[in-house]
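Engineer: Sequence plus the predicted model coming up.
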Amino acid sequence: QVQLVESGGGLAQPGGSLRLSCAASGFTFSSYAMSWARQAPGKGLEWVSGIQSDGSNTYYPDSVKGRFTISRDNAKNTLYLQMNSLKPEDTALYYCAKEGRAYPVGEYDYWGQGTQVTVSS
């Protein structure tokens, strides 16, 4: 069955960095787009990045553009999110999500359990 397992969350200071990973199994990872999304306490789900199945195109909302970088290693079935210049407002539970097609269009069919990121001094 499809499994998505996030890791790498934790506590970071403002201006600091973290790298999240998402280990995927149970499907042909290289055939599907993947995304990261987050949910802050008391707020709705926010999409933060997407990547095409072959890694050739990446997408970000303005809130993280220039600070976050999504990437993937299809040989290792792993998705990454490099987060730099972290801000307190980046504090959230971060999820990786599998899309139903090769291009990210925001139609997710599987989610991981999430990894907590807290940005605080």
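Structural biologist: Received the coordinates, thanks.
Engineer: Spit out the contact partners of the residue most central in space within the chain.
Structural biologist: The chain has W36 as the residue nearest its centroid, 2.7 Å off, counting by CA atoms, centre = their mean. Taking CB atoms under 8 Å, 6 or more residues apart in numbering, we find W36 in contact with 20, 22, 47-50, 68, 70, 79, 81, 94-97. All C-beta atoms are positioned from the backbone trio N, CA, C, and that covers glycine.
Engineer: That one belongs to a strand?
Structural biologist: Yes - under DSSP: H, G, I helix; E, B strand; the rest coil, W36 falls within a strand.
Engineer: if I look at it, how far off is S21?
Structural biologist: The gap separating W36 from S21 is 11 Å, by CB to CB, to the nearest Å.
Engineer: Overlap of the contact sets of the two?
Structural biologist: Residues touching both W36 and S21 by CB under 8 Å, 6+ apart: L79.
Engineer: For the residue nearest to the centre of the chain, name its beta-bridge partners.
Structural biologist: S49, C96 (DSSP bridges).
Engineer: On the pLDDT front, check it for me.
Structural biologist: Note on W36: pLDDT of 97.
Engineer: swap in P41?
Structural biologist: At P41, pLDDT is 89.
Engineer: Nearest to P104 among the contacts of W36?
Structural biologist: Proximity of those to P104 (CB to CB) peaks at G50, which lies at 3.2 Å.
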